[in-house]
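Novice: Sequence plus the predicted model coming up.
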Amino acid sequence: MVSYLRHNGPHFNEPLCEFAVSKMKKMDDSGRLRRISPWTKEDVRAMLKEAGVTLENDDIYDAVYVANMCKADYLDSSIEDPEHVAKYVKDTLDDEDAAEGEVFECFLAKCDRRGVRIDWEDML
């Protein structure tokens, strides 16, 4: 983990983002938890552009993680469409009173609480 942080700081890189998103699930219409079909970096960039959203803290893999978390947890419920997902990503990543890396640290806390092991060498 120390090497990861030395190279990436408290932010997602591509392998860690893919790992995190691969764990995300959403309840389907039959009441079963299913893995989401994830949005890619290109999908998220296009969504942000289409919504007219510009990120001040533009770490793309943080944005991809947040967008997919929003898709899994809120889309079609309290978040109604991709335009509002884009706004949620901006609100989360550009939150004035959030510490740098807060999204990353919340992810680590969730992994710890759920017993999810991260092979940090695979994330470099």
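Specialist: Now that the structure is in, tell me what you want to look at.
Novice: where in this protein is pLDDT low?
Specialist: Residues of the chain meeting the criterion pLDDT under 70: none.
Novice: what about the residue lying farthest from the centre of the chain, is that helix, strand or coil?
Specialist: Residue farthest from the centre of the chain, counting by C-alpha atoms, centre = their mean, is S30 at 25.4 Å. Of the three states, S30 takes coil under DSSP: H, G, I helix; E, B strand; the rest coil.
Novice: what's the distance between it and V66?
Specialist: Counting by C-beta to C-beta, to the nearest Å, the gap from S30 to V66 is 27 Å. Every C-beta, even on glycine, is put in place using the N, C-alpha and C of the backbone.
Novice: Check P38 too.
Specialist: Between P38 and V66 the computed distance is 12 Å (C-beta to C-beta).
Novice: Tell me how many other residues crowd K90.
Specialist: 19 (other C-beta atoms under 10 Å).
Novice: ditto for the one 3 residues further on
Specialist: L93 sits with 20 neighbouring residues when counted by other C-beta under 10 Å.
Novice: List the residues that contact it.
Specialist: By C-beta atoms under 8 Å, 6 or more residues apart in numbering, the contact list for L93 reads L55, E56, N57, D58, D59, D62, A63, V66, V103.
Novice: Can I get the buried part of those as one PyMOL selection?
Specialist: Per 16 or more other C-beta atoms under 10 Å, the buried members of those correspond to this PyMOL selection:
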select buried, resi 55+59+62+63+66+103
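Novice: Can I get the contacts of L93 in TSV including distance to M1?
Specialist: Below are the contacts of L93 laid out as TSV (distance: C-beta to C-beta, whole Å):
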residue	distance to M1
L55	26
E56	27
N57	22
D58	24
D59	18
D62	17
A63	22
V66	21
V103	17
